[in-house]
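S.K.: predicted model, plus sequence, below.
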Number of protein chains: 4
Amino acid sequence: MDRRVGFIGLGTMGAPMARNVSAGGFDLTVWNRSPGPAEALQRDGVAVAESPATLAAACDVVVIMVTGPEALEAVVASDRGVVHGLTADTLVINMSTVSREATLAAAERVEQAGGRFVDAPVSGTKKPAEDAALVVLAGGEATDLDRAEPVLRTMGRAVVRCGGVGQGTDTKHAVNLLLGGMMQSFVEALSFGQKRGLSRDTLLEAIGTGATNAPLYALKGKAISERNFEKQFPVDLLLKDLDLVLAAGRESGAYLPQTATVRECVSAARARGYGDEDMASLIKVLEEIDRLV
Amino acid sequence: MDRRVGFIGLGTMGAPMARNVSAGGFDLTVWNRSPGPAEALQRDGVAVAESPATLAAACDVVVIMVTGPEALEAVVASDRGVVHGLTADTLVINMSTVSREATLAAAERVEQAGGRFVDAPVSGTKKPAEDAALVVLAGGEATDLDRAEPVLRTMGRAVVRCGGVGQGTDTKHAVNLLLGGMMQSFVEALSFGQKRGLSRDTLLEAIGTGATNAPLYALKGKAISERNFEKQFPVDLLLKDLDLVLAAGRESGAYLPQTATVRECVSAARARGYGDEDMASLIKVLEEIDRLV
Amino acid sequence: MDRRVGFIGLGTMGAPMARNVSAGGFDLTVWNRSPGPAEALQRDGVAVAESPATLAAACDVVVIMVTGPEALEAVVASDRGVVHGLTADTLVINMSTVSREATLAAAERVEQAGGRFVDAPVSGTKKPAEDAALVVLAGGEATDLDRAEPVLRTMGRAVVRCGGVGQGTDTKHAVNLLLGGMMQSFVEALSFGQKRGLSRDTLLEAIGTGATNAPLYALKGKAISERNFEKQFPVDLLLKDLDLVLAAGRESGAYLPQTATVRECVSAARARGYGDEDMASLIKVLEEIDRLV
Amino acid sequence: MDRRVGFIGLGTMGAPMARNVSAGGFDLTVWNRSPGPAEALQRDGVAVAESPATLAAACDVVVIMVTGPEALEAVVASDRGVVHGLTADTLVINMSTVSREATLAAAERVEQAGGRFVDAPVSGTKKPAEDAALVVLAGGEATDLDRAEPVLRTMGRAVVRCGGVGQGTDTKHAVNLLLGGMMQSFVEALSFGQKRGLSRDTLLEAIGTGATNAPLYALKGKAISERNFEKQFPVDLLLKDLDLVLAAGRESGAYLPQTATVRECVSAARARGYGDEDMASLIKVLEEIDRLV
């Protein structure tokens, strides 16, 4: 049974996820590119490694939660990267959302060095990360997923097994394609309602009562009503994900007319200056075009 | 207290709705353009009127559930229409989905004849109509809505008060705008998943676990997996509703980029021959373009 | 040979077109709803009729150039309309751009009254109207078109025979569908160029040198470079035409994904306050979204 | 004065372009990855080099016309690449359409090796290449462009100076963005016309008479009427270019709603099996969706 878990990447998502691993009873070691976030955990008794390599050498399972493909490649394969510390059967779990290509490249490096690899991006934002309520979309061999699951369960309320390595990532992309489309439909419905003189509360009640009722709409409807655009899932991140989706769709030849349109709407939100705000800011683009504000 | 309810329009939706009014303890009288559906109810002890006018003369509340603006105008205002039978304070409830203009025109005719008017289109399809589980989106004066509510509750699991006469209709349009966008997003996500080699069941599980979880997706995911495209909410009806939405948006100057794209996708489904199938058939357009089938 | 021509509708387009009919050697009588524009022509020796009916009674050919379907119906069929003045074989030429339905309804009224009918909307704006350089898209029976042609040639540099009554209108719609798409493509190309740091003049030179070279781009490129958005073809008119196109496409079941997207862009231009400016203002929407200004 | 010109890449475009350089009076040396196309030129007296490096060593100017960024990097910077043969002030002209990044990377390698660099992608297809009627979009320093121009003029009927190195490429992207949008608008207009019962010839005449008249439409209208979809500019190439455009737009934050929609239409054409046919095949997607065929 794996007891020693390393966690690399202590950002908005990573820091609370790491705390939940520790709270779940595992012996935690962490590493972060900039030292600040690790020090905060250190004050609470968590071990801090000097490099991804030394972290890997000290752990049975290594979790990675970084911001993009360059960071992933650096922590895995650079001079002081994970591959230089792992021992036979060290399990590396990549939870960062990157392209399938980047995921598979990392997997290949890990496996060449004798380790095992699972990709496990998450659906959910800061609040679910804090509440250990993420949905984990995991891909890998069954025996590796069996090993990963106790660690993943400390962070998520559900672990969906999506297939082999890389398919967690593809599933995440499909879910975020849906998320983007649902979000833009939602703000168009609200904007339409406003143009037609409807009360927003009543419209949200109608949306929340029938087949359209989704947790997303309860959450974002409340945020929009309160004009609270503090980022849970920022516009820039949604744009990054949609670009990954469209690149994957391009590679596979998928016809995605609505997703392409949604992507431009999200791009407009970024251009209008809302990249670092929550994706609920999509409504502001419509308000500004329609001069509702 | 109103006891005598008339029901005009016994189609796919209307027939089970009328039965639920009767099951709810009201004295029911019905009328339908073609006699067949009324005879089926007559065999179960329901009274059948000779015309909308005679039906109105015999009832406290008249419910109308017909297919479009021409039918609505005919049953309300033609020679043998409702306005020629109603007495002071007869309450007319239009549950048909038409444009706001058509709703307001019917309201005006009823009010000129001394009656009261509520618009109350429904969200939900055949199955919820049978199960008295519709969501009713009602617009009218508070005292009229108070009178309408006991009747509406026999048909629906929720009655949302949307504002004045016509605002039930606008709310219905906003909800169907959302429904169309959610549906097209969904089939693009499933098609993307198929292109990427994902198991559809796993993807549906992922969609059903997080913020994207909506009753619509559970229902339509099952239908698509079973290749069951029997109409619950047919493509033709969704197209009709989106055209009403876009016409309303046009009148109000609303910018609806995604909705316009979705409308074309639904139009493509109709052009491919799926007008009379369920809106889940949207996935077939993608399959055919992408030669997945 | 027809010598006496009546002209109804002396707006931005109609006034110079009427002058060109007169300059072409025909005996001109005019009528306009508001008297001002007719008086201006009267001072130059043109006869002014008291009503469309008296105008029709005095002419062999009646040309109509009004702003929409209501105005068309009024001048044709109201109490003092054309149908009450025309004699056997009076030729009525409708040059207003309306729906095919409105065209066919006017044709029916004229034919019932014993007259002949040609539909002949024009492609071109104010400047070509002044220069007798319009392109006329004419539909009707060959013998009627033979009669219409000498009159039409005083206004246009080309008369394209499009088929029967109503097909001039459909051809106009197809051309304006193309015009809208070409215009939005153009402003996206210019906006892209600006984002990439290109000189606009150089880009316009490149566009004007190859397969993409169209008179539209020379004209609108110059206007945009000079920030001259004075209306030649205003945004509101393009929006009206695209709505006619999409309604016609809807009726025929045509799949028009790009046109639907373009229509929303034009709608955004109107919402931003550019309805009464030239369609070159489409570029301002992109500039404002992208914060280029 | 430069007399010795090397030409690398003898594909559909490159072979006739190289012949035109030779016909223009320059001493030509060629190289191609596969030997066949070079041998055809050799039989006509053209010198054939053993590698890009030896070609560069023997020439004053080196023209490169290859299919993508990998091929460009290989012929420039691999072991036997151009940089290993060039001498001080050898001028390298890249005419391949790739991303600006790939262009700038090649320029950097050439300049580090002491050479000079111009980017000069072309607008135009096989026929203009054969007829020396291409439009060349050139970027570089003025003195380098002065040297390049005599060579470029043997291949093109116009050389547009677009700015510094990389701006020829950006201009090409902007023009192809426009080309794609014009093409999709065109096929929607034709498809709309067909649905409305118009004669295609008449519609093409109307398009060719007014502001919409562009060489593209004369060419493609003829091809569509003759059902001749032999590639001049194949769907796959248009898709590649639009992906470069959208990637560049993404990098610059440009909002391109119509271009995104067009890209999906082109992707649909590829998915339907028309990747290797001319872009006029875009009309087949509409025909198939609308069941016109």
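M.R.: Received it, and whenever you're ready, just let me know what you need.
S.K.: what about the nearest residue to residue A:232 once chain neighbours are set aside, neighbour count?
M.R.: Closest residue to residue A:232 apart from its sequence neighbours, by C-beta to C-beta, 6 or more residues apart in numbering or on different chains: residue A:125 at 4.2 Å. For the C-beta atoms, the positions are set from N, CA and C on the backbone; glycine is no exception. Residue A:125 is flanked by 20 other residues according to other C-beta atoms under 10 Å in any protein chain shown.
S.K.: right, and residue A:125 touches residue A:230 too?
M.R.: No - Residue A:125 is beyond contact range of residue A:230, at 11.1 Å (criterion: C-beta atoms under 8 Å).
S.K.: ok, residue A:266 - contacts?
M.R.: A:180, A:184, A:235, A:238-239, A:242, A:279, A:282 (C-beta atoms under 8 Å, 6 or more residues apart in numbering or on different chains).
S.K.: which one (most neighbours) among these?
M.R.: That'd be residue A:184 among the contacts of residue A:266, by other C-beta under 10 Å, with 31 neighbours.
S.K.: how much space separates it from chain C?
M.R.: 13 Å (C-beta to the nearest C-beta, to the nearest Å).
S.K.: what's the answer for residue A:282, then?
M.R.: Following C-beta to the nearest C-beta, the distance that separates residue A:282 from chain C is 13 Å.
S.K.: any idea which element that residue lies in?
M.R.: If you go by DSSP states H and E, residue A:282 is part of helix A:282-289.
S.K.: and that helix, does that touch chain D?
M.R.: No - Helix A:282-289 lies apart from chain D when judged by C-beta under 8 Å from any C-beta of the partner chain; the minimum separation is 9.5 Å.
S.K.: other SSEs contacting that helix?
M.R.: Applying 3 or more C-beta pairs under 8 Å, 6 or more residues apart in numbering or on different chains; DSSP states H and E, we find helix A:282-289 packed against helix A:167-195, helix A:257-269, helix C:282-289.
S.K.: hmm, try it at 6 Å
M.R.: helix A:167-195, helix A:257-269 (3 or more C-beta pairs under 6 Å, 6 or more residues apart in numbering or on different chains; DSSP states H and E).
S.K.: and the angle for that helix with helix C:257-269?
M.R.: 60 degrees (axes from the mean of the first three to the mean of the last three C-alpha atoms, to 10 degrees).
S.K.: so for helix A:282-289, mean pLDDT?
M.R.: Mean pLDDT, helix A:282-289: 94.
S.K.: residues touching it, excluding its own?
M.R.: A:183-184, A:187, A:191, A:224, A:268-269, A:272, A:293, B:255, C:268, C:271 (C-beta atoms under 6 Å, 6 or more residues apart in numbering or on different chains).
S.K.: show me how far that helix is from its chain's centre.
M.R.: 26 Å (C-alpha atoms, centre = their mean, to the nearest Å).
S.K.: okay, angle between it and helix A:167-195 too, please.
M.R.: 40 degrees.
S.K.: what are the buried residues along helix A:282-289?
M.R.: Buried residues in helix A:282-289, counting neighbours by 16 or more other C-beta atoms under 10 Å in any protein chain shown, are found at A:282-289.
S.K.: lowest pLDDT pick from the contacts of helix A:282-289?
M.R.: Ranking the contacts of helix A:282-289 by pLDDT puts residue A:293 at the bottom, with 57.
S.K.: returning to what we had before: from the contacts of helix A:282-289, which are also near chain D?
M.R.: residue A:268 (C-beta under 6 Å from any C-beta of the partner chain).
S.K.: nearest to chain D among the contacts of helix A:282-289?
M.R.: Nearest to chain D, judged by C-beta to the nearest C-beta, of the contacts of helix A:282-289 is residue A:268 at 4.9 Å.
S.K.: settle this for me: residue A:168 is touching residue A:135, isn't it.
M.R.: No - assessed by C-beta atoms under 6 Å, residue A:168 is found out of contact with residue A:135, at 11.0 Å.
S.K.: please enumerate the helices of chain A.
M.R.: With DSSP state H as the criterion, chain A has helices at A:14-23, A:36-42, A:52-57, A:69-77, A:100-112, A:126-130, A:142-153, A:167-195, A:200-207, A:215-225, A:235-252, A:257-269, A:282-289.
S.K.: would you turn those helices into a markdown table with distance to residue B:113?
M.R.: A markdown table is the format used below for those (distance: least, C-beta to C-beta, whole Å):
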| stretch | distance to residue B:113 |
| --- | --- |
| helix A:14-23 | 65 |
| helix A:36-42 | 72 |
| helix A:52-57 | 80 |
| helix A:69-77 | 70 |
| helix A:100-112 | 66 |
| helix A:126-130 | 55 |
| helix A:142-153 | 66 |
| helix A:167-195 | 31 |
| helix A:200-207 | 29 |
| helix A:215-225 | 40 |
| helix A:235-252 | 53 |
| helix A:257-269 | 46 |
| helix A:282-289 | 41 |
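S.K.: out of those, nearest to residue D:196?
M.R.: Nearest to residue D:196 among the helices of chain A is helix A:257-269 (23.6 Å), distances taken as C-beta to C-beta.
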